[in-house]
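>>> got a predicted structure here, sequence first:
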Amino acid sequence: MQSHWLQYFRGWVFDEENKVIREMSKRVATILNLDIDSAEPFQVLSYGIGGFYLQHYDWDDDEDSFPGFGGNRIATWIFYLNDVKEGGATVFPHVGAAVWPEKGGAAFWRNLHYNGTPNDLNLHAACPVLKGYKWASNKWFHQHGNEFKWPCKLDSKLEFYMTESFNSVE
Ligand SMILES: O=C(O)CCC(=O)C(=O)O
Ligand SMILES: [Fe+2]
């Protein structure tokens, strides 16, 4: 896929296709305590040299953007599937954070405030791959089914911005 905004290839891997994929989805949902049924299938990303994704949000103001998934994207989980020789970090310019891809690593962040409104702080980008290539995979969780797991709080200021990275997810 090539545009002003991004340059990479992407595809979907469905839970129904493979037992291991299904198990991985379940584990991520368990770690985050989020509903698996309203989550999207794994999206696999492949960046070559110079591949990038300009800064963007994973949430969308338009409810129709995610038909069939039930609400906005409440959280993003990303697996890093290989060691990138140079470049390829996921960066969060509003909070000054960078996550460097590492085989077997993962990161997640919340996309919405606790009251369900989009959180501007999670603007992020994939920096260009300078050497080698980069494979990664997203899992997006949605609002539906998570009303009691991540309950809404009326005061969005109660929230804290949460970005975690894991060196190795077994
Ligand atoms: O590849 C990355 O580091 C980030 C990808 C991303 O932000 C996306 O696919 O929405
Ligand atoms: Fe993103």
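Perfect, I can see it now. Ligands and ions are numbered 1, 2, ... in the order given.
>>> quick one, strands of the protein?
Listed in chain order, the strands of the chain (DSSP state E) span 6-7, 9-13, 42-47, 52-56, 73-80, 86-87, 90-92, 97-99, 105-110, 124-126, 129-131, 134-142, 163-166.
>>> ok and the longest one relative to strand 52-56, angle-wise?
Here the directions of strand 134-142 and strand 52-56 differ by 30 degrees (axes from the mean of the first three to the mean of the last three CA atoms, to 10 degrees).
>>> strand 134-142 packs against which elements?
Counting contacts by 3 or more CB pairs under 8 Å, 6 or more residues apart in numbering; DSSP states H and E, strand 134-142 is packed against helix 19-32, strand 42-47, strand 73-80. C-betas here are computed from N, CA, C, even on glycine.
>>> quick one: buried residues of the shortest one?
When neighbours are counted by 16 or more other CB atoms under 10 Å, the buried residues of strand 42-47 are found to be F42, V44, L45, S46, Y47.
>>> tilt between that strand and strand 73-80?
Put simply, strand 42-47 runs at 50 degrees to strand 73-80, going by the same axes, to 10 degrees.
>>> who's in contact with strand 42-47?
The contact list for strand 42-47, computed with CB atoms under 8 Å, 6 or more residues apart in numbering, reads 7-14, 21, 24-25, 79, 88, 126, 129, 133-140.
>>> ranking the helices and strands packed on strand 134-142 by burial, who's on top?
Of all these, strand 73-80 has the most neighbours on average by mean count of other CB atoms under 10 Å, namely a mean of 24.
>>> pairing partners for it, with directions?
Here strand 73-80 is paired, per DSSP bridges, with strand 105-110 (antiparallel), strand 134-142 (antiparallel).
>>> up against ligand 1, what does the chain have?
Contacts of the chain with ligand 1, taken as CB under 6 Å from any ligand atom, map to L45, Y53, D58, I78, T90, H124, A126, A136, N138.
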